[in-house]
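Visitor: pasting the sequence and the predicted coordinates here, then a few questions.
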Amino acid sequence: MAFTDRPSDEFIALLRKSGDSDINVATAAQREFAKALELPLRKGVLVGNILGDIFETINVEPGASTEYPLDLISPGLEGEHVAYTNPGHGRIPERSVESDYVMIPTYAITSSIDYLLRYAREARWDIAGRAMQAMEAGFVKKMNDDGWQTILAAGTDRNILVFDGDATAGMFSKRLVSLMQTVMRRNGGGNTGSANRGRLTDLYVSPEALEDVRNWGLDQIDEVTRREIYTASEGGAPITRIFGVNLHDLDELGEGQQYQTFFTSADGLNGAVQSSDTELVVGIDQSTNDSFVMPMKEALQVFEDPALHRQQRAGYYGWAELGFGVLDNRRVILGSF
């Protein structure tokens, strides 16, 4: 069920009952309504989560630890790994060195929403649906921010910044993609015969950088790639065929935007782009599924908020317990243009 679509008649009837004047009827219906929302909210959070293609969700059984042995990544080379974990929502990710394993802390993320009871009595799904979209967006935003901050911290710690000294400042160049590929390969561990040799597979850039790509001439890209760029839908699948590297655009990247500000600010990572450059680029190695993990100790749960009834409002709140970790920061490379 998408919150933009009208649900079934049974669901509408349940919504109407959740606003009943009889508090016992309303409370029981709100509890049932909350549980009915859990599955679509869980699905919506995963669909809206831009980290879904980077971090592997690992469901952790109750009582189990979130310990990850590094010897499974590269046996005998544990000392070369630097891991980063997120200690909690809104906090600065931390460098984690615990001999041959990494312990990823988990924490709760929450979101809530409420609306007038009369909207429920009148079965105003258009209003209730928008409320659920806002609740879903609250979870997605927190997960995206925590995950990306962990990635940026892991990349910053490497003290490697790739740039194209021949390009015009502020212009995303094809040569930068090639340079980042080479630097990732030289500094990503492994060798020609290694199964887990470092390789640049994905680049995350600002919408402005993608606009630069659209303006590249025929001397920069072939006609097939040019057509792919022109026909790509906004926010759709990544543009490929730039030296085999997938390009993704993020609204939060770009001059003055949230993730770049987190990278450069003193109360963030205190990083810097090349002196004449204006934008940050983030490269990821997803050739092996061994470094980006999101342990989940408790899946998203939704509950009714009976305390709001005296205010003639229906309210719902939810939480999930999860964490973010980059087990090997050699899978991240930063660049600027």
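Guide: Nice, I can see it. Residues are numbered from 1 along each chain as shown.
Visitor: after the longest helix belonging to the chain, which helix or strand is next?
Guide: If you go by DSSP state H, the chain has its longest helix at helix 125-157. Next along the chain after helix 125-157, taking DSSP states H and E as the criterion, comes strand 161-163.
Visitor: which elements pack onto that next one?
Guide: With contacts taken as 3 or more CB pairs under 8 Å, 6 or more residues apart in numbering; DSSP states H and E, strand 161-163 sits against helix 174-187, strand 332-336. (Each C-beta comes from the backbone N, C-alpha and C, glycine too.)
Visitor: ok, which stretches of the stretch 1-150 of the chain are strands?
Guide: Using DSSP state E, counting those that start in this stretch, the strands found in the stretch 1-150 of the chain span residues 56-59, 67-69, 83-85, 94-96, 101-103, 107-116.
Visitor: got the buried residues for the fifth one?
Guide: What that stands for is strand 101-103. 101-102 (16 or more other CB atoms under 10 Å).
Visitor: next: stretch 291-305.
Guide: Per 16+ other CB under 10 Å, stretch 291-305 contains these buried residues: 291-297, 300, 302-305.
Visitor: residue ranges with poor pLDDT in the stretch 51-200 of the chain?
Guide: Scanning the stretch 51-200 of the chain for pLDDT under 70 picks out 71-81, 97-99, 190-196.
Visitor: re earlier: sitting in strands, which of the buried residues of stretch 291-305 do you find?
Guide: 292-297, 300, 302-304 (DSSP state E).
Visitor: can you name the two of the residues you listed that are farthest apart?
Guide: Distance extremes for these: the farthest pair is Phe292 and Glu304 at 35.0 Å, using CB to CB.
Visitor: tell me the contacts of Asp285?
Guide: Counting by CB atoms under 8 Å, 6 or more residues apart in numbering, Asp285 touches 184, 188, 198-201, 291, 330-333.
Visitor: apart from its neighbours in sequence, what residue is nearest it?
Guide: Arg331 (4.3 Å; CB to CB, 6 or more residues apart in numbering).
Visitor: tell me, how many residues neighbour that neighbour?
Guide: Using other CB atoms under 10 Å, Arg331 is surrounded by 29 other residues.
Visitor: if we can go back for a sec, Ser206: which of the helices and strands packed on strand 161-163 is closest?
Guide: strand 332-336 (11.3 Å).
Visitor: from Met132, how far off is Leu37?
Guide: Distance, Leu37 to Met132, using CB to CB, to the nearest Å: 6 Å.
Visitor: could you do Trp319 as well?
Guide: Using CB to CB, one gets 16 Å for the distance from Trp319 to Met132.
Visitor: so these two - more neighbours on which side?
Guide: Counting neighbours by other CB under 10 Å for Trp319 and for Met132 shows that Met132 has the greater number, 23 against 15.
Visitor: show me the residue at the heart of this structure, geometrically.
Guide: Leu51 (2.9 Å; CA atoms, centre = their mean).
Visitor: how about the nearest residue to that residue, chain neighbours excluded?
Guide: Gly147 (4.1 Å).
Visitor: residues contacting Phe14?
Guide: Actually, residue 14 is Leu rather than Phe. Contacts of Leu14 (CB under 8 Å, 6+ apart): 29, 32-33, 36.
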